[in-house]
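In: Need a 3D model of the sequence below.
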Amino acid sequence: MFLVRLMPKRVLSLQARRPSGLIGRFLMGNFFKEINNDLNGFVEETLELHPTHHVLEIGFGPGELINRMASITTQGHIEGIDFSSAMLREATKNNQQHIAANRVRIQKGDCENLNFANESFDRVCAVNTIYFWSPPEMYLAEIFRVMKSGGKLVLGLRDKEQMSKLPLDKGIFSTYTLNEVIEHLLNAGFSNVHAMEKEGNPFTSYCVVATKA
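Out: Here you go, the predicted structure:
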């Protein structure tokens, strides 16, 4: 989007990390819908959702992926957590029907301390959020805790090479190669860790997939 490209690098990076105010809710919300559309679709496909699954999305943004998943998990439940008030409002608006049907619940919070019981979720996903997890192992340990044995984690992301070409503040974004992400997941105790790739627009989409044995 033209207006987003006009934003100073640091402002854009801060808004990408934690959208706030009218800029965050409307400008960044629409920007996320556009640039993450292919990646959201790849994550949804890779999750291999069943109607009864209980799913957690971390950093749900405007709630587009939650909306897609809720159409599949018709007998399950989806939880979402994001620390942006602007995205909470936008995602609530975009998922009113599913929230009213008690099949989606979204809340404001940070995933370094997830307020869910152990072994709560069949699937966990996050799209373009690992760049802000410092250190990643602390966040991944929480994800591991709330996943059921046999559950699957899918991280949708852009790799270090792609991210290096974007006008982002490297003090705000931590970028990773796919091998680095895989190593973080293995260190956190995950099994069957591997990366998947799919051509997309405007970027190639990557999913790093892991299971809890």
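
In: can you map out the helices along the protein?
Out: Remark: helices assigned in the chain by DSSP state H are 2-5, 9-17, 21-22, 29-35, 37-47, 64-70, 85-94, 96-100, 136-146, 160-163, 178-187.

In: Out of these, which is the most enclosed?
Out: helix 64-70 (a mean of 23; mean count of other C-beta atoms under 10 Å). Every residue, glycine included, has its C-beta placed from N, CA and C.

In: rewinding a little: could you dump the helices of the chain into a markdown table and include distance to V127?
Out: Shown next, in a markdown table, are the helices of the chain (distance: least, C-beta to C-beta, whole Å):
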| stretch | distance to V127 |
| --- | --- |
| helix 2-5 | 18 |
| helix 9-17 | 12 |
| helix 21-22 | 22 |
| helix 29-35 | 9 |
| helix 37-47 | 6 |
| helix 64-70 | 6 |
| helix 85-94 | 12 |
| helix 96-100 | 18 |
| helix 136-146 | 14 |
| helix 160-163 | 14 |
| helix 178-187 | 13 |
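
In: do you know which of these lies nearest D110?
Out: helix 136-146 (8.9 Å; C-beta to C-beta).

In: Can you pull up the most central residue in this structure?
Out: A126 (2.3 Å; C-alpha atoms, centre = their mean).

In: what sits against the residue nearest to E142 when sequence neighbours are not counted?
Out: Spatial nearest neighbour of E142, chain neighbours left out: L114 (4.8 Å); criterion: C-beta to C-beta, 6 or more residues apart in numbering. Shown in contact with L114 (C-beta atoms under 8 Å, 6 or more residues apart in numbering): L56, I81, E142, I143, R145, V146.

In: now, the most widely separated pair of these?
Out: I81 and R145 (14.0 Å).

In: In the chain, where's the longest strand?
Out: strand 147-157 (DSSP state E).

In: buried ones in that one?
Out: M147, K148, G151, K152, L153, V154, L155, G156, L157 (16 or more other C-beta atoms under 10 Å).
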